[in-house]
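J.: Got a sequence here, can you build the structure:
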Amino acid sequence: MYSVVKTGGKQYLVREGMEITVDRINIEPASVPQKTGLRRGKEGKKVELEALLKFDDGGKTFELGKPFLKEKVTAEVIDNVLGEKIRIARFKAKSRERKVKGFRAKLTKLKIVKV
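T.: Numbering: from 1, shown residues only. Below is the predicted model:
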């Protein structure tokens, strides 16, 4: 089964067992032992995502929500990460004015548990 879920104003096509990266989801942090060397994060928490559409592999049957389905897609938070760095440069000609900024998006990795 495939499902289309909505989170962070975006839609994602997901399947059970799939890993997706979405915009940061604010969930209370799970405690991670310091001995493992991992950062304190939100690993292992369950999240329910709104399902818009659900269909099978062959496309023979599907359910369309109005706007959402009653069933929700369950996902597990794997990790909170930073995205790739984007450099923003501003330049004014003839005045020697240059300014460079950087930006890294805050993202959350999810593993789809149940569709």
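J.: Show me where this protein has its strands.
T.: Counting by DSSP state E, the chain has strands at residues 2-7, 10-15, 19-23, 46-55, 62-64, 72-82, 86-92, 97-103, 106-114.
J.: what stretches of this structure score poorly on pLDDT?
T.: Applying pLDDT under 70 to the chain flags the ranges 28-43.
J.: Could you dump the strands of the chain into TSV and include mean neighbour count?
T.: All C-beta atoms are positioned from the backbone trio N, CA, C, and that covers glycine. Formatted as TSV, those follow (neighbours: other Cβ atoms under 10 Å):
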stretch	mean neighbour count
strand 2-7	20
strand 10-15	14
strand 19-23	15
strand 46-55	17
strand 62-64	12
strand 72-82	18
strand 86-92	9
strand 97-103	9
strand 106-114	17
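J.: Provide a list of residues in contact with the residue nearest the centre of the chain.
T.: The centre of the chain sits closest to residue 22, judged by Cα atoms, centre = their mean, with a distance of 1.6 Å. Contact partners of residue 22, counting by Cβ atoms under 8 Å, 6 or more residues apart in numbering, are 7, 8, 10, 12, 107, 108, 110.
J.: From residue 63, how far off is the residue lying closest to the second one once chain neighbours are set aside?
T.: Leaving aside its chain neighbours, residue 8 sits nearest to residue 23 (3.7 Å; criterion: Cβ to Cβ, 6 or more residues apart in numbering). Using Cβ to Cβ, to the nearest Å, one obtains 26 Å as the distance from residue 23 to residue 63.
J.: That concludes my questions; thank you for your assistance.
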